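A.B. asks: Below is the structure, and that's it, no one-letter string:
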C-alpha cells in the first residue's frame, strides 16, 4: 500500500508545503471572529491549504479558538484540513477512483453547511463561552502540562503559522519549504503507517462476511443508505485510524458491501476517533466536547446520505460487481509506479537534507 501511494503522498505534501510557506496562517486566523459566509469560506480554504493529521487539526483549531475564532469557522478549518487536503485526494484517487474524490469534495461542502446549521440549532451559546474559558485557562497553565494524550496533539500544532515562523528563523524559500514538508511528515507518518497496518491486518484476518454483516444490504434503498451512513463513522471511531490512513480501510469496506455514502461518512469520521474526543474534553470541557462530537457525527452521517442521493441521481455511483480492494492483492512490480516512487524518494531525500542542514 505504501509502495502504491508514496509518490502521491510526496506530491501532496510538497504542494501543501508550498502553500504553507507562502500563506500566513497567523494573519488569517484573526479574521475568524464572526460566523459569516466569508469567515467560514476563508477557514475552509485555509484548512484545505494545510496538510495535517486530525490531532494537528485539533491543536490548530484550539489555538484559533483561543485567539477569538468563532466555533463554526474553527470546526470548518479542522474538517477541511483533514478532508480537503491534496494528499488525501491523491491517495483516494489511486485506491478508489475519481468518483470518490469528487464525492469527498462535494460532501465536504455539504457537511460544513450542515454543521453550521446544527451548531445554530443544538449548540447552546453558554457552552461555547464555557469552552472558550476552559481553553483560555488551559493555555495559561500549558507550559507546565505535559504527558498523556495532550502531547500527541500539541507537537503537531507547531506546524501551523509556518510562513511567519520560518521567515523569522531565516533561510531562503527552499529551506522554508523543506521545513514545512518535513514537519508535515512528522505530523502524519504514524497515522499513515498505522492506517496501512490496520487495514492490511483487517484484510488478512477478518472474513468478508463479517464486514458484510455490519451493513444492511437486502433492504429498501432508503433504509440501506441511512444505516450504512450511520455505521460508517462508528467503524472509524472503533478503528482509531485518522487522516490519509483511513483510505485503505475505506477501500476494504467498499469492496465488502458498504454503500457509496457509507464510505464517504466513514472517511469523514477521522475527527471523532476516541483519542480526539478525549482531547476535546481536555481542551473545551466534557460538556462542550460532547456537543462538538455530536455535531460532527450528525454532520458526517447527513453528508454521507446527501452524497449518496446526489450521486445516485447523477449516475455517478459505480455499478456492477464490487471490485476486490485494490490493495488486497497488490504486489511490487517494475512499472510506472517504480519510477514515480524513485523520483519522489530523491525529492524527499533532498528536502530532508535541507531540513537537517538548517537544523544543524
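C.D. replies: All right, it came through fine. What you see is a predicted model, and the numbers here were worked out from it, not measured in a lab.
A.B. asks: Every contact and neighbour count from this point should use C-alpha atoms.
C.D. replies: OK.
A.B. asks: buried ones in the helix or strand harbouring residue 304?
C.D. replies: When elements are defined using DSSP states H and E, residue 304 is found to belong to helix 286-313. For helix 286-313, a neighbour-count test (16 or more other CA atoms under 10 Å) marks 286, 288-311 as buried.
A.B. asks: quick one: average pLDDT of stretch 352-360?
C.D. replies: For stretch 352-360, the mean pLDDT works out to 90.
A.B. asks: try stretch 235-255
C.D. replies: 79.
A.B. asks: ok, back up a step: helices and strands around the helix holding residue 304, which ones?
C.D. replies: When contacts are defined as 3 or more CA pairs under 8 Å, 6 or more residues apart in numbering; DSSP states H and E, helix 286-313 sits against helix 98-122, helix 125-140, helix 221-239, helix 260-268, helix 274-284.
A.B. asks: Format those helices as TSV; extra columns: distance to residue 212.
C.D. replies: Converted to TSV, the helices and strands packed on helix 286-313 look like this (distance: least, CA to CA, whole Å):
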stretch	distance to residue 212
helix 98-122	20
helix 125-140	40
helix 221-239	11
helix 260-268	13
helix 274-284	24
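A.B. asks: mind checking which of those is nearest residue 208?
C.D. replies: helix 221-239 (15.0 Å; CA to CA).
A.B. asks: quick one on the thing from earlier: how far does the helix holding residue 304 sit from the chain's center?
C.D. replies: Centroid displacement of helix 286-313 relative to its chain, using CA atoms, centre = their mean, to the nearest Å, is 15 Å.
A.B. asks: mind checking how far residue 10 is from residue 275?
C.D. replies: For residue 10, the distance to residue 275 (CA to CA, to the nearest Å) stands at 27 Å.
A.B. asks: ok, residue 57 - contacts?
C.D. replies: 77-79, 81-82, 157 (CA atoms under 8 Å, 6 or more residues apart in numbering).
A.B. asks: Could you report the distance from it to residue 131?
C.D. replies: Going from residue 57 to residue 131 by CA to CA gives 17 Å.
A.B. asks: Next secondary structure after the lengthiest helix in the chain?
C.D. replies: If you go by DSSP state H, the chain has its longest helix at helix 173-205. Downstream of helix 173-205, the first helix or strand assigned by DSSP H and E is helix 208-214.
A.B. asks: Comparing residue 10 and residue 275, which residue is more hemmed in?
C.D. replies: A direct count of neighbours by other CA atoms under 10 Å for residue 10 and residue 275 places residue 10 higher, at 20 against 16.
A.B. asks: who's in contact with that one?
C.D. replies: By CA under 8 Å, 6+ apart, the contact set of residue 10 is 87, 344, 348.
A.B. asks: hmm, back to that, between the longest helix of the chain and helix 221-239, how big is the angle?
C.D. replies: 110 degrees (axes from the mean of the first three to the mean of the last three CA atoms, to 10 degrees).
A.B. asks: For residue 15, which non-adjacent residue is closest in space?
C.D. replies: residue 86 (7.5 Å; CA to CA, 6 or more residues apart in numbering).
A.B. asks: so the one you found touches residue 12, yeah?
C.D. replies: Yes: taking contacts as CA atoms under 8 Å, residue 86 lies within contact range of residue 12: 5.0 Å.
A.B. asks: Please report how far residue 124 lies from residue 71.
C.D. replies: For residue 124, the distance to residue 71 equals 11 Å [CA to CA].
A.B. asks: who's more crowded, these two?
C.D. replies: Ranked by neighbour count (other CA under 10 Å), residue 124 and residue 71 place residue 71 first, with 26 against 12.
A.B. asks: Understood, closing this out.
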